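# sequence plus predicted model, see below.
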Amino acid sequence: MVSKEELLAKNIKEFYSEGNSALMRSSFNSATSLFFKALAVLADWLILYKEGFIPKNHADRFRVLELRYPEIYQLLDKDFPVYQDSYSLVLTKEIAEALRNDVKTIAKKTGFELD
């Protein structure tokens, strides 16, 4: 049986990898959405590892991050509106790359191995 931590780790890597593939295809909205999902699940992985539970939704995730992990909260809070924009705007390569860099930053801060 796969643990919750292993399942989250698999999903992080999948979203990150698929985000890179979308970026290479110039599918910037898809890449942005996938990179944000990697960020969100990375935050969930950290919260599970450090706090012992997985947040139920974005609001719970942001609340825990703001209280316990403010540096990570600031990155996700900055990127969440961009993720929301991916539904209704045409996003650029630079925006997708910025989210990819934030995934790398948070992975490094949390000790998560992306590759």
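Sure, I can see it.
# grab the most central residue of this structure for me.
Leu39 (0.9 Å; CA atoms, centre = their mean).
# helix, strand or coil: sort out it for me.
With DSSP: H, G, I helix; E, B strand; the rest coil as the basis, Leu39 sits in helix.
# my guess is it contacts Ala98, does it?
No: counting by CB atoms under 8 Å, Leu39 stays clear of Ala98, with 11.3 Å between them. All C-beta atoms are positioned from the backbone trio N, CA, C, and that covers glycine.
# now do the shared contacts for these two.
Residues touching both Leu39 and Ala98 (CB atoms under 8 Å, 6 or more residues apart in numbering): Asp79.
# give me the element Glu113 is part of.
Under the assignment given by DSSP states H and E, Glu113 is not contained in any helix or strand.
# how about the contacts made by it?
Counting by CB under 8 Å, 6+ apart, Glu113 makes contact with Ala107.
# quick one, grab the pLDDT at the residue nearest to the centre of the chain.
At Leu39, the pLDDT value in this model is 97.
# again, but for Ser86
With respect to pLDDT, Ser86 has a value of 88.
# do the one 3 residues further on as well
Note for Leu89: predicted pLDDT of 90.
# how about residues contacting stretch 49-61?
4-5, 8, 40, 43-44, 47-48, 63-64, 68, 76, 80, 110.
# now stretch 29-46
In contact with stretch 29-46 (CB under 8 Å, 6+ apart) are residues 5, 8-9, 11-12, 15-16, 18-20, 22-23, 54-55, 58, 61, 65, 69, 72, 75-76, 79-80, 82-83, 86, 89-91, 95-96, 99-100, 102-103, 106-107, 110, 112.
# any of those buried? List them.
Listed as buried from these are 8-9, 11-12, 15-16, 18-20, 22-23, 54-55, 61, 65, 69, 72, 75-76, 79-80, 82-83, 86, 91, 95-96, 99-100, 102-103, 106-107, 112; burial here means 16 or more other CB atoms under 10 Å.
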